[in-house]
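1. model the structure of this input:
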Amino acid sequence: MVWSFRFGSSLLSFILLVSVMTGCGVADTGQSVITVSAVVETQPVPNTGDAADDPVIWVNPTHPELSVVIGTDKKGGLGVYDLGGRLIQYVEIGNVNNVDLRNNFNLNNVPITLVTAGERRRDTLEIYRLNPATRKLENIAARAIETVGVYGSCMYHSRISGKFYYIVTSEKGEVEQWELFATPQGKVDATRVRAFTVGSQTEGCVADDELGHLYLAEEDVGIWKYGAEPNAGTTRTQIDAVGSKGNLTADVEGLAIYKTGNTTGYLIASNQGDNSYVIYDRAGNNRYIATFKIGASATIDAVTETDGLDVTSANLGPNFPRGMLVVQDGNNRPCNQNFKYVPWHTIAAAVGLPASTNAQLPLPVDTSNSEPVPAATSVPTPIPAECNVVQAPGGPVFMPMLLR
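-> Just a heads-up that it's a prediction; the model follows:
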């Protein structure tokens, strides 16, 4: 049985008091489970088995209803989905595990949205531009850039230097940081500027651009906070732990930041071993706030075994007035894996977080392409019995997801 529970303000205050008193803020496992539901799911990825992995949200600065989700298919490439879950584009790349993006990268005096992903078969950094007019990806990599053995990855935009970075993690716990730069030919190249070791298998990562933090998820250990600047060294703080001393159950996977201001908001973690998600304060010592799960609705199945996730606080329209959380669903049976969209305001209400203002401000628009703006498609996509998979070039038509 799945229990839905809504925190009242007094109970939330009690939990926060316990968090302060215990330091690490260990959750009371005797409490009922807080449960929310997704309102949109994407078309399943074209490949079977454990294929979908990590999403990233691009917020359209002038037409939020035209925002998209880019998701990895680690057996094929990248899919671009609209807010209704429809597939706009599928780019065949290879075994792409994680994806991230940053706006306002200067490419020949044009601010662009830069998208990076790690390809595991070749251990390479893949670099794309998201065309805002077509909402499609365009390859702008200057060359094949080989890195440490690819597992997870994320990006960082320094407020100190203005530089952009790609950060890649490995199954051995190795971490590399690469500075991204434009070439005279209108491409993007990279050079390694930092390398260190976390300890053991590490995938999930997220950088807080405003505060200069880098969060890494060591899957069997917990979540670490490092400095994100290339000269930050290896000094770190553990903000939560796996097991009885913390709020996490291995594996700890994806990480994302919900911003309510320049320095305020929440850090979200995928607690894969418990099929749940953990919320921490973005500021200070990242105190533990709450844990919740994504249950089934009348039309969309529950979410389990989540790898990657992303979140935004931007107003994306009627379905997502306070932004949304996007998660990978590891068991989308009988269909291939996909991604689920959860309105943030439902999470905030269930957990007892204050109603927040939308902090993600409009960004300069890439005007280097003059194609007409496409019509918005924010109505959720109905997924028929055949799972409505759009065949990728050279890829398979729908087959039921292999049980793992």
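2. and the helices in this structure?
-> For the chain, the helices defined by DSSP state H cover 9-22, 344-351.
3. among those, where is the model least confident on average?
-> Mean pLDDT is lowest for helix 9-22 among these, at a mean of 37.
4. where are the low-confidence patches of the protein?
-> 1-32, 356-386, 388-404 (pLDDT under 70).
5. mind doing that once more with 90?
-> 1-33, 354-404 (pLDDT under 90).
6. longest strand anywhere in it?
-> In the chain, taking DSSP state E as the definition, the longest strand is strand 96-107.
7. so how far is that strand off the chain centroid?
-> Centroid separation for strand 96-107 versus its chain: 12 Å, with Cα atoms, centre = their mean, to the nearest Å.
8. mind giving me the packing neighbours of it?
-> Judged by 3 or more Cβ pairs under 8 Å, 6 or more residues apart in numbering; DSSP states H and E, the packing partners of strand 96-107 are strand 52-58, strand 68-73, strand 77-81, strand 110-119, strand 124-131, strand 152-157, strand 174-182. Placement of C-beta: from N, CA and C, glycine included.
9. output the second one as CSV - backbone C-alpha positions only.
-> What follows is the C-alpha trace of strand 68-73 in CSV, where atoms were taken according to Å, rounded to 0.1, in the frame of the first residue of the first chain:
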residue,chain,number,x,y,z
VAL,A,68,12.1,21.3,-24.0
VAL,A,69,13.6,18.3,-22.2
ILE,A,70,16.7,16.7,-23.6
GLY,A,71,17.1,13.1,-22.4
THR,A,72,19.8,10.5,-22.9
ASP,A,73,19.3,7.0,-24.4
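10. identify the bridge partners of the most centrally placed residue in the chain.
-> Nearest to the mean C-alpha position of the chain, counting by Cα atoms, centre = their mean, stands residue 310 at 2.7 Å. Here residue 310 sits in beta bridges with residue 326, as judged by DSSP bridges.
11. close enough to count as contact, it and residue 323?
-> No: Residue 310 lies out of contact with residue 323 (Cβ atoms under 8 Å); the separation is 10.4 Å.
12. quick check: residue 341 vs residue 327, distance?
-> Using Cβ to Cβ, to the nearest Å, we find residue 341 at a distance of 8 Å from residue 327.
13. which residues do these two both contact?
-> Among the neighbours of residue 341, those also in contact with residue 327 (Cβ atoms under 8 Å, 6 or more residues apart in numbering) are residue 38.
14. on that earlier part again, so which of the helices and strands packed on strand 96-107 is nearest residue 259?
-> For the helices and strands packed on strand 96-107, the distance to residue 259 is smallest for strand 52-58, at 12.1 Å, taking Cβ to Cβ.
15. and that closest one, what other elements does it pack with?
-> Contact here means 3+ Cβ pairs under 8 Å, 6+ apart; on that basis strand 52-58 packs against strand 68-73, strand 96-107, strand 309-312, strand 324-329, strand 338-343.
16. with distance to residue 302 added, can I get those in CSV?
-> Below are those laid out as CSV (distance: least, Cβ to Cβ, whole Å):
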stretch, distance to residue 302
strand 68-73, 19
strand 96-107, 24
strand 309-312, 15
strand 324-329, 8
strand 338-343, 9
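17. so which of those strands gets nearest residue 228?
-> Nearest to residue 228, of all those, is strand 96-107, at 12.5 Å by Cβ to Cβ.
18. who's in contact with residue 276?
-> Listed by Cβ under 8 Å, 6+ apart, the contact set of residue 276 reads 33, 249, 291-293.
19. distance of it from residue 71?
-> For residue 276, the distance to residue 71 - Cβ to Cβ - is 21 Å.
20. one step back: make JSON lines out of the contacts of residue 276 and add distance to residue 55 and neighbour count.
-> Below are the contacts of residue 276 laid out as JSON lines (distance: Cβ to Cβ, whole Å; neighbours: other Cβ atoms under 10 Å):
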{"residue": "33", "distance to residue 55": "24", "neighbour count": "16"}
{"residue": "249", "distance to residue 55": "22", "neighbour count": "16"}
{"residue": "291", "distance to residue 55": "21", "neighbour count": "21"}
{"residue": "292", "distance to residue 55": "18", "neighbour count": "23"}
{"residue": "293", "distance to residue 55": "18", "neighbour count": "20"}
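21. as TSV, these with distance to residue 319 would be great.
-> Formatted as TSV, those follow (distance: Cβ to Cβ, whole Å):
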residue	distance to residue 319
33	24
249	31
291	24
292	19
293	20
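22. report how many residues lie close to residue 198.
-> Other residues near residue 198 come to 22 when the count uses other Cβ atoms under 10 Å.
23. next one: the residue nearest to it when sequence neighbours are not counted from residue 309, what distance?
-> Nearest residue to residue 198, sequence neighbours excluded (Cβ to Cβ, 6 or more residues apart in numbering): residue 173, at 4.3 Å. As judged by Cβ to Cβ, residue 173 and residue 309 stand 21 Å apart.
24. cool, residue 163 as well?
-> 26 Å.
25. and these two? which has more neighbours close in?
-> residue 309 (27 against 15).
26. I'd say that one and residue 329 touch.
-> No: checked against Cβ under 8 Å, the pair residue 309 and residue 329 is beyond contact range at 10.5 Å.
27. what sits against residue 116?
-> By Cβ under 8 Å, 6+ apart, residue 116 lies in contact with 99-101, 125-128, 153, 155, 166, 180.
28. go on, residue 270?
-> 204, 252-255, 277, 306-309, 327.
29. and the furthest pair within those residues?
-> Using Cβ to Cβ, the contacts of residue 270 span at most 14.3 Å, a distance reached by 252 and 327.
30. now residue 139, nearest residue through space, not along the chain?
-> Of all residues not flanking residue 139 in the chain, residue 128 sits nearest, at 5.7 Å (Cβ to Cβ, 6+ apart).
31. residue boundaries of the strands in the stretch 201-350 of the chain?
-> Here the stretch 201-350 of the chain has its strands, by DSSP state E, counting those that start in this stretch, at 202-208, 213-218, 222-227, 236-241, 252-259, 265-271, 276-281, 288-295, 309-312, 324-329, 338-343.
32. export the ones you listed as JSON lines, with columns for distance to residue 78.
-> Below are the strands of the stretch 201-350 of the chain laid out as JSON lines (distance: least, Cβ to Cβ, whole Å):
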{"stretch": "strand 202-208", "distance to residue 78": "17"}
{"stretch": "strand 213-218", "distance to residue 78": "22"}
{"stretch": "strand 222-227", "distance to residue 78": "26"}
{"stretch": "strand 236-241", "distance to residue 78": "30"}
{"stretch": "strand 252-259", "distance to residue 78": "16"}
{"stretch": "strand 265-271", "distance to residue 78": "20"}
{"stretch": "strand 276-281", "distance to residue 78": "23"}
{"stretch": "strand 288-295", "distance to residue 78": "23"}
{"stretch": "strand 309-312", "distance to residue 78": "14"}
{"stretch": "strand 324-329", "distance to residue 78": "13"}
{"stretch": "strand 338-343", "distance to residue 78": "12"}
